[in-house]
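[1] The amino acid sequence is not available; the structure is as follows:
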Ligand SMILES: O=P(O)(O)OC[C@H]1O[C@H](O[C@H]2O[C@H](CO)[C@@H](O)[C@H](O)[C@H]2O)[C@H](O)[C@@H](O)[C@@H]1O
Ligand SMILES: O=c1ccn([C@@H]2O[C@H](COP(=O)(O)OP(=O)(O)O)[C@@H](O)[C@H]2O)c(=O)[nH]1
């Protein structure tokens, strides 16, 4: 059986204690490496004065990780720069925030070359490689340029933007061309896949044949593979001691009021500003509900070296203060705004205590919080998920109360609808969403992708001559 090499910006080694602090994605990828043997390769998260290419190997619980330290300038240009100031805003439809700097593009290419150069000697002839996310678009091509003929797949965890937006990126055509180094490219939704295909066929001139695209002699296959959560583990966690304690504490502190919960990295793509405005509209329109509800917004800071993230942080501090200033009373505060992160088993208890999960990103590749909120509910008395139409999760969780997150009126109406929803309807909607979350979990997602990549999914095999065309 082939070994699997996973490559991503962040690498997650298995933890000694099962504290619930690891993400479902990390657990699923670790399991894949255990199943196939192999390595998880990427950035250590550490900085060095001069890049040496030294690889730190670590082996824990059957998983080998191989990590590299990067220079300050690499991190500035590759991670803070091209990944998070150029690609992230552009791919989340925020070209007003996207910065197109040659220095960032150069640093991004340099780091991908460094990854390829260091990884190449570790790759054996039968290995299958799986590259994760927008930090590493050109890695496949860099590996091909170094003679790597292995099967290589790529999965994008964020949206793919419409062609007219992507066209604003100076390197757009070159970037999409490098994607043809991959044999398989995966997306969370058909919408993102269609946007990629549109650019490849209309702007590059790639030939389309079913789910395949051919360009300059190389063929890649496209696949929709929506990521799920580790549902079984999450439900167990939601019934465990930490979650139960969190649930009790939240209920005590809610003193009979209905809690609305939001849990998001502090990121402008998550629509927190618009969410606060929607909630403010609700408070303004429904004075009778004011002391009956409160919003708990958990927003751990993210990517703090990037200016747009500093701005959204200060905007939200101002806005939450303003709403609380306008509506709070001696015995009630409408928004509890918390800038720290919590382990997922604690979150599970918090989700369960909430009558409403308010998940309103302006654009999101998937949004796992939406799925976790549903999985944490009490089947006999489930809460209601209000979900943005523009999250990848909306393609699967159709029984959520779906909203346009830009519309304060729609968000306000959805909150009222959720508060009034009777038990029968809550149970019906929850069951339908839970069926999806149980069936299409993270193991299902990983297997869908690796089966297609390894050619064991019964579909026509990837063309055997792909590698010779690339070399
Ligand atoms: O690594 P960071 O810069 O701290 O960012 C955290 C992760 O954010 C993004 O997550 C995406 O992947 C999720 C799982 O597929 C998906 O549900 C979500 O919609 C995406 O935004 C990013 O793509 C990851 O690479 C980051 O590690
Ligand atoms: O305080 C927190 C906030 C979030 N998360 C986890 O971070 C992930 C966020 O994933 P999502 O897909 O919703 O968004 P992303 O941050 O990847 O864009 C989820 O598994 C959350 O449970 C967490 O463990 N602690």
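    Okay, I see it. Predicted model, so just to flag it, every value in this text is computed and none were measured. Ligands and ions are numbered 1, 2, ... in the order given.
[2] Now the strand ranked longest in the chain: buried residues?
    Ranked by number of residues, the top strand in the chain under DSSP state E is strand 38-48. Buried residues in strand 38-48, counted by 16 or more other C-beta atoms under 10 Å: 38, 39, 40, 41, 42, 43, 44. Quick note: C-beta positions are derived from backbone N, CA and C, even for glycine.
[3] Okay, and the beta partners of the second one?
    This points to residue 39. residue 5, residue 64 (DSSP bridges).
[4] Can you point out the buried residues in the longest helix along the chain?
    When the chain is parsed with DSSP state H, its longest helix is helix 307-327. In terms of neighbour count (16+ other C-beta under 10 Å), helix 307-327 has its buried residues at 308, 309, 312, 313, 316, 319, 320, 323, 327.
[5] Pick the one among those closest to residue 249.
    residue 320 (21.4 Å; C-beta to C-beta).
[6] what's the longest helix of the chain in contact with?
    With contact meaning C-beta atoms under 8 Å, 6 or more residues apart in numbering, helix 307-327 is reached by 85, 89, 97, 266-268, 272-273, 276-277, 279-280, 283, 290, 297, 299, 301-304, 333-335, 337, 339.
[7] since we're on residue 336, how many residues are nearby?
    A count of nearby residues for residue 336, using other C-beta atoms under 10 Å, gives 15.
[8] Need the nearest residue in space to it, chain neighbours excluded.
    Distance criterion C-beta to C-beta, 6 or more residues apart in numbering; nearest residue to residue 336, sequence neighbours excluded, is residue 296 at 4.8 Å.
[9] For the closest residue to ligand 2 within the stretch 201-350 of the chain, which residues are in contact?
    Residue of the stretch 201-350 of the chain nearest ligand 2, by C-beta to the nearest ligand atom: residue 341 (3.2 Å). Shown in contact with residue 341 (C-beta under 8 Å, 6+ apart): 298, 300.
[10] Double-check that the residue nearest to residue 336 belongs to a strand.
    Yes - counting by DSSP: H, G, I helix; E, B strand; the rest coil, residue 296 is found in a strand.
[11] Is it bridged to anything, and to what?
    residue 261, residue 336.
[12] Then residue 130?
    residue 6, residue 153.
[13] any idea how far it lies from residue 68?
    Going from residue 130 to residue 68 by C-beta to C-beta, to the nearest Å gives 18 Å.
[14] who has more neighbours, the two?
    Comparing residue 130 with residue 68 by other C-beta under 10 Å, the one with more neighbours is residue 130, at 27 against 23.
[15] Would you mind measuring from the more buried one to residue 281?
    Between residue 130 and residue 281 the computed distance is 44 Å (C-beta to C-beta).
[16] Leaving out sequence neighbours, find the closest residue to residue 160.
    Sequence neighbours aside, residue 192 is the residue nearest to residue 160 in space, at 4.0 Å (criterion: C-beta to C-beta, 6+ apart).
[17] Which pLDDT value goes with the one you found?
    Listed pLDDT for residue 192 reads 98.
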